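Colleague: For reference, the sequence and a predicted model appear below.
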Amino acid sequence: MNRYFVTAIGTDSGKTVVSAVLCSALGADYWKPIQSGAPADAETVRALCPGVVVHPEAYRFSMPASPHAAASAEGKRIVPELIQLPLTSNSLVIEGAGGCLVPLNDQQFMIDLQPRFGAQLVLVANLYLGSINHTLLTWHLLQQRGYPVAGIIFNGLANPESERIILHHTGYRKLLHLQPHSTLTPSIIDHYATELRQQLS
């Protein structure tokens, strides 16, 4: 049984697509503990990975905002200590919200959930101008905390020099590179899943 926590260098980096690819590659369940806004990312994963078992969110908010702000808008407060892993004997893919330092409340951040999950991290880095800095800042944080990282997945138009310098500094294993697609389908996800399965084996 494997457990992966998908995080990223920022919002809209491709975590949901990567989660669908991981679920397909591993035959894993999917869980996003905190969802802000609609449609829920779980619906995207269901559409891209038919048959996947999706576990309900611990917190679900209607406002598409940082979890701490979305919770506050509904008069609530996120308590990470109350978030429990779903009961499953299967492998589990856990999708974070936003980047590592997205606040959950005034004291805690998304990445603070990692020790509770006992999962290896998969870092998603989309390639844009400025992404090297954002990726290395995320790497620096994860290194300081000593969290296990299974590898990095790049997303977007190829930029060999950006990938090279990121891999050079981080020492991360490149697991996959997702190319841009006008429309994503389950067959495209299956294609990437086959490639990723080889990297994880």
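Modeller: Arrived safely, thanks for sending. Residues are numbered from 1 along each chain as shown.
Colleague: neighbours of the residue lying closest to R145 once chain neighbours are set aside, just the number please.
Modeller: Using CB to CB, 6 or more residues apart in numbering and skipping the chain neighbours, the partner closest in space to R145 is I111 (7.2 Å). C-betas here are computed from N, CA, C, even on glycine. Residues contacting I111 under the criterion other CB atoms under 10 Å number 21.
Colleague: For stretch 16-32, output the C-alpha coordinates as CSV.
Modeller: Only the C-alpha atoms of stretch 16-32 are listed here, as CSV (Å, rounded to 0.1, in the frame of the first residue of the first chain):
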residue,chain,number,x,y,z
THR,A,16,-5.7,17.5,-9.7
VAL,A,17,-4.5,16.1,-13.0
VAL,A,18,-1.4,14.6,-11.4
SER,A,19,-3.6,13.1,-8.7
ALA,A,20,-5.7,11.4,-11.4
VAL,A,21,-2.6,10.1,-13.1
LEU,A,22,-1.3,8.7,-9.8
CYS,A,23,-4.7,7.1,-9.0
SER,A,24,-4.7,5.5,-12.4
ALA,A,25,-1.1,4.3,-12.1
LEU,A,26,-1.5,2.8,-8.7
GLY,A,27,-5.2,1.9,-8.7
ALA,A,28,-5.3,4.1,-5.7
ASP,A,29,-8.2,5.9,-3.9
TYR,A,30,-8.4,9.7,-4.0
TRP,A,31,-8.9,12.1,-1.2
LYS,A,32,-8.8,15.9,-1.0
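Colleague: Surely I83 touches L113?
Modeller: Yes - look at I83 against L113 with CB atoms under 8 Å: they come within range, at 6.7 Å.
Colleague: Need the overlap of contacts for those two.
Modeller: Counting by CB atoms under 8 Å, 6 or more residues apart in numbering, the residues touching both I83 and L113 are P33.
Colleague: Give me the more crowded residue out of these two.
Modeller: Taking neighbours as other CB under 10 Å, I83 and L113 compare with L113 leading, 22 against 16.
Colleague: Assumed the more buried one was part of a strand.
Modeller: No - secondary structure of L113 (DSSP: H, G, I helix; E, B strand; the rest coil): helix, not part of a strand.
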